[in-house]
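# take this sequence and fold it.
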Amino acid sequence: MKTIFKIGVVVGATVGGVFGEYRPVPPTLAEILSHKPSITRDFFLTEYIRTAGNPGTAFKAYKGVKRKRLRHFRMLAKRFPTQFLAPYQCVDVRPSYLRKVDPGCILEGGLSYQTLYKLKKSDKLYLLQKLPKFSQIAQLLQILLTRDYQKILNSNRWTSFFLRHYPYFLKPVFPKIDWNRHIKDVYGVIHTTAIYGTPFYAKFFSQLNQAIVQHTPDKVKWDLALIAIRQNKIPRAIALLKSIKKPNPKYLFWLYLLTKDKKYLQRVARFNRLNFYTLYAYEAVGKRFKLITKVNHNSVKNPRFNQFDPWSVADFKRYLWQIKENPAKLKELAAQLDSSKSFALKAVVLDRLYNFNRNYFLIPWGLYRDKNLSFRAFVYGIARQESRFIPGEVSTSYALGVMQVMPFLVRHYRGNIYNQFDYRENVQLGVKELKMLFKALKNPLFVAYAYNGGIGFVKRRVLPKFRWVGRFEPFLSMELVPKSESRHYGKIVLANYIIYQQLFGNKKITLHKWLAQQRAQALRKRVSYHSREVAAAQVWDRVFQ
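Okay, the predicted model is just below:
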């Protein structure tokens, strides 16, 4: 297949205009505001605020942001403290300047409940004196200071509020709560208990009445099953998973692990969509999976949308959202995108047209070349998950390009923030980050977690608790990764990594073999560590004989 990535985008150019040489220059405020509201426009406005020359245009850019966040106002306050520091402190009250702001700022939501809960007693007393007694925050402070649990239990509103915001405050009266009335309010606590295994709550939730449990959503039943697995209450976990109304591959896969009944693997293998669980099941039952690696025939010279232009990609997303339930329109759009300038967009449309029952693993050969096929496959696996190979992609967190490189990383590697829609620089920066992560973490799964959640997150919260060997390992450890997004991300990228290795010629690699290698390495390390411990003990004994 020939190289199909071509750069010809002028940032700020209108969709459908002439695509000349790529010019990584900041667009003017007028150019940015000429486009319809979108995540892409918010990104460019955010970058404009960061470098704005005067407070007037900076504030106009701020007003133009569709999804305003505190960080936008914080940027204004940092860049123009004389004009914006005081207003910012009013909408984001911190303990350090709590006594400097007007009490009205606090009443209007300037002080988050989380910050309020963590305030020192002296600050809570100060606020209690300053705020009107009838206000909700004053009443909340009164309860927090007096620990008036009876007032909470006597009011459905307060019980619901505390279960949602301060569940740990209710620990002394947890069993007294009317769970028929408040089970919905505790879904978040059940999830955190499943992931972190808090003993008190785990014990309580494992004893919840079955009649109450039956009315909870499938996701909550999964969390309760996870709690039961961690407590080694396997029959309860099986019963919970069997009660799930719409079993997906993950639930069926775990029924197989818990029961060792291969009929569940066969059911997983009936799903057409490739992911970690279905790949495992396909390999186990000997079923072949179908992959689509190319979707374009270049029948269109000027596609309706251009994947290299971030503004065009934003318009594409908006239009796709409008027609997502219309098969005829989706089919028409796919035909309009049959071009080397829009093949990745076409794959997205086809995926939706066929209800996500096909497996598009595109191979744009010019994306990244490396003699190390394993690393190359990993780069493709990351790019597929991050952007579906769309160079003009901008995420809600403003991650950019094919590799979805965050702006702070672009600056760290001294890249051009406006040049990230040129796939060549974007992939180069993404590969730099991946190589750094591999040097530190070695394992592709941990690198995937780190690329999504950060290396600090992996070292502090994943590695210390991750196990490769055990009754349900490493699958249980993979389900207990603290960040939900990173948890799913790691499994998807791992499956992509295996599949792209096979597509690049390594037919011997399978998910089963890869997992077996990791377990074998873990066992060798354990034996080696044990041998060192024994040797050290023998030396110690000889010294004192």
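
# contacts only, for Ile49.
The contact partners of Ile49, by Cβ atoms under 8 Å, 6 or more residues apart in numbering, come to 58, 61-62, 72, 75-76, 79. For glycine as for every other residue, the C-beta is placed from the backbone atoms N, C-alpha and C.

# now distance to Thr192, neighbour count and secondary structure too, for the residues you listed, in TSV please.
Compiled in TSV, those are given as follows (distance: Cβ to Cβ, whole Å; neighbours: other Cβ atoms under 10 Å; DSSP: H, G, I helix; E, B strand; the rest coil):
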residue	distance to Thr192	neighbour count	secondary structure
Ala58	39	24	helix
Ala61	38	23	helix
Tyr62	35	20	helix
His72	29	20	helix
Met75	32	20	helix
Leu76	34	22	helix
Arg79	37	17	helix
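
# okay, helices next: where are they in the stretch 1-150 of the chain?
Listed in chain order, the helices of the stretch 1-150 of the chain (DSSP state H, counting those that start in this stretch) span 29-33, 39-51, 55-64, 70-79, 81-91, 103-105, 113-118, 121-130, 136-146, 149-153.

# now Asn426: closest residue in space that isn't a chain neighbour?
Among residues not flanking Asn426 along the chain, Gly401 sits closest, at 3.4 Å (Cβ to Cβ, 6 or more residues apart in numbering).

# ok, that neighbour touching Phe421?
Yes: counting by Cβ atoms under 8 Å, Phe421 is a contact partner of Gly401 at 5.8 Å.

# list residues touching both of those two?
391-392.

# check the residue nearest to Leu128 when sequence neighbours are not counted and give its pLDDT.
The shortest distance from Leu128 to any non-neighbouring residue, by Cβ to Cβ, 6+ apart, is to Leu141 (4.9 Å). Looking at Leu141, its pLDDT reads 95.

# for the one 5 residues further on, same thing?
What the model reports as pLDDT for Thr146 is 95.

# how much space between it and Gln139?
11 Å (Cβ to Cβ, to the nearest Å).

# now Phe421
51 Å.

# just the closest of the contacts of Ile49 to Asn306, please.
Ala61 (25.4 Å; Cβ to Cβ).

# this structure: strands as residue ranges?
Applying DSSP state E to the chain gives no strands.

# tell me the centre residue of it?
Nearest to the centroid of the C-alpha atoms of the chain, with distances taken as Cα atoms, centre = their mean, sits Glu485, at 2.7 Å.

# residues in contact with the closest residue to that one other than its chain neighbours?
Closest residue to Glu485 apart from its sequence neighbours, by Cβ to Cβ, 6+ apart: Asn452 at 6.3 Å. By Cβ under 8 Å, 6+ apart, the contact list for Asn452 reads 483, 485-486, 489-490.

# for Pro391, same thing?
If you count contacts by Cβ under 8 Å, 6+ apart, then Pro391 has 5, 307-308, 344, 401-402, 421-423, 426 around it.

# mind running it again at 10 Å?
By Cβ atoms under 10 Å, 6 or more residues apart in numbering, Pro391 lies in contact with 5, 7, 9, 306-310, 313, 344, 364, 367, 400-403, 420-424, 426-427.

# one more: Phe44?
By Cβ under 10 Å, 6+ apart, the contact set of Phe44 is 11-12, 26-27, 29, 31-33, 35, 38, 61, 64-65, 310-311, 394, 398, 417-418.

# could you report the pLDDT at Trp540?
43.

# my bad, should have said Pro310
Model confidence at Pro310, given as pLDDT, is 96.

# still on that earlier bit, so the residue nearest to the centre of the chain sits against Tyr451, correct?
No: counting by Cβ atoms under 10 Å, Glu485 does not reach Tyr451; the two are 11.5 Å apart.
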